[in-house]
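*Asks:* Following is a predicted model, sequence given first.
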Amino acid sequence: MSNTKESGLGAFLKRKNIVFSAKRYGIDALGAMAQGLFASLLIGTILATIGQQFHIPFLETVGGYAKSVAGPAMAISIGYALQAPQLVLFSLLAVGAAANELGGAGGPLAVLIMSIIATECGKAVSKETKVDIIVTPFVTIFVGVLFSAWWAPGIGAAASSLGQFIMWATRLQPFLMGILISVVMGMALTLPISSAAICAALSLTGLAGGAAVAGCCAQMIGFAVMSFRENGWGGFLAQGIGTSMLQMGNIVRNPMIWLPPTLASAITGPIATCIFRMEMNGAAISSGMGTCGLVGQIGVYTGWLTDVQAGTKAAITGFDWLGMILICFILPGILTWVFGQLFRKAGLIHEGDLTLDRD
């Protein structure tokens, strides 16, 4: 009897495309959440900043609208990644708005968890009744908002507290934390998970955000420079302003190729926190973007503007610009190239190990 029930439940979950796995929730959904944030809060911040700097009120208005739908945008992106039916997908708009608002500063993490729960519940009842157009949105919205009211404030507070602790620890120990955050977030960016979503979920800004930017840039610019002989300008641009995740297949084949950019991040991180005191006070998602579309650098710049307007920073100085250029572009390229050459001469990296699109 027990085996029959289990097989029946398994068949039902398979028919409903409900898969409980770390990949689906920790990689697919998390990555989708970052895309939703990018398409709302991040692009809205960029547009609003351009409007403010060039005195174009319409762009400020457009940016404001984009930023205002961050919660729904994250939720619907997560639902899409979980292959939700249309009625479930559209119903997630309300769930995302509720979870993001109730989650406060840690709203993105609350949206991630609540959207997963609501999506899977909605998928379970989808097309199971003759009044699907009522039942599916009702279950999706009711479950999502109910759990948001119950859990989102606590989830958001926990995520925010963890982020605050990391930022406090970075201010207290900028050298050690600069190394740790830079290395960990840089590696997260190259792995098939979302460093941007992690930074957003933890509201990681300030010096810690600056260290995260440094680590992500070290991976992207580092791999772009180190693999230039194999991939040319196409590979340089694809990795330098696209993503270092393109090297993941090669890393699996030879993990040693990951060490040069990682070592570079261990150097640029504390330089960012201890020497240039580079802070990322724009949208927290920018901390985990590196040089992808230059979003990390735009985030640093918008943070400067915010600090100047708030009176916590007197002005944007040449030293600020020097720090950002060195940390984000020049040092990652030079350091990774040097380490890469040493590894090649030691026989740890071979010709072709960094070639993209290998058959």
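*Replies:* Sure thing, it's come through. In this text, all values refer to a predicted model and were calculated from it rather than measured experimentally.
*Asks:* buried set for stretch 153-163?
*Replies:* Ile155, Gly156, Ala159, Ser160, Leu162, Gly163 (16 or more other Cβ atoms under 10 Å). All C-beta spots, glycine's among them, are computed from the backbone N, C-alpha and C.
*Asks:* Span of stretch 198-216 from start to end?
*Replies:* 13 Å (Cα to Cα, to the nearest Å).
*Asks:* and Gly347, how many neighbours?
*Replies:* 8 (other Cβ atoms under 10 Å).
*Asks:* next one: Thr306
*Replies:* Neighbours around Thr306, by other Cβ under 10 Å: 15.
*Asks:* which non-adjacent residue is nearest it?
*Replies:* Distances taken as Cβ to Cβ, 6 or more residues apart in numbering place Asn281 nearest to Thr306, at 5.7 Å, with adjacent residues excluded.
*Asks:* what does Ala149 give?
*Replies:* Leu102 (6.4 Å).
*Asks:* Give me the contact list for the helix or strand in which the one you found is found.
*Replies:* Using DSSP states H and E, Leu102 falls within helix 86-103. Residues from elsewhere that reach helix 86-103, judged by Cβ atoms under 8 Å, 6 or more residues apart in numbering: 70-76, 78-80, 84, 107-111, 113-115, 118-119, 122-123, 126, 132-133, 136-137, 140-141, 144-145, 148-149, 152-153, 155-156, 159.
*Asks:* repeat that for 7 Å
*Replies:* With contact meaning Cβ atoms under 7 Å, 6 or more residues apart in numbering, helix 86-103 is reached by 70-72, 74-76, 79-80, 107, 109-111, 114-115, 118-119, 122-123, 126, 132-133, 136-137, 140-141, 144-145, 148-149, 152-153, 155-156.
*Asks:* close enough to count as contact, Ser286 and Val295?
*Replies:* Yes. Ser286 lies in contact with Val295 (Cβ atoms under 7 Å); the separation is 5.4 Å.
*Asks:* what touches both of those two?
*Replies:* The contact lists of Ser286 and Val295 share Leu42, where a contact means Cβ under 7 Å, 6+ apart.
*Asks:* packing partners for the top helix by length along the chain?
*Replies:* Identified as the longest helix of the chain according to DSSP state H is helix 132-172. On a contact count with 3 or more Cβ pairs under 7 Å, 6 or more residues apart in numbering; DSSP states H and E, helix 132-172 meets helix 86-103, helix 107-125, helix 174-190, helix 195-202, helix 206-226.
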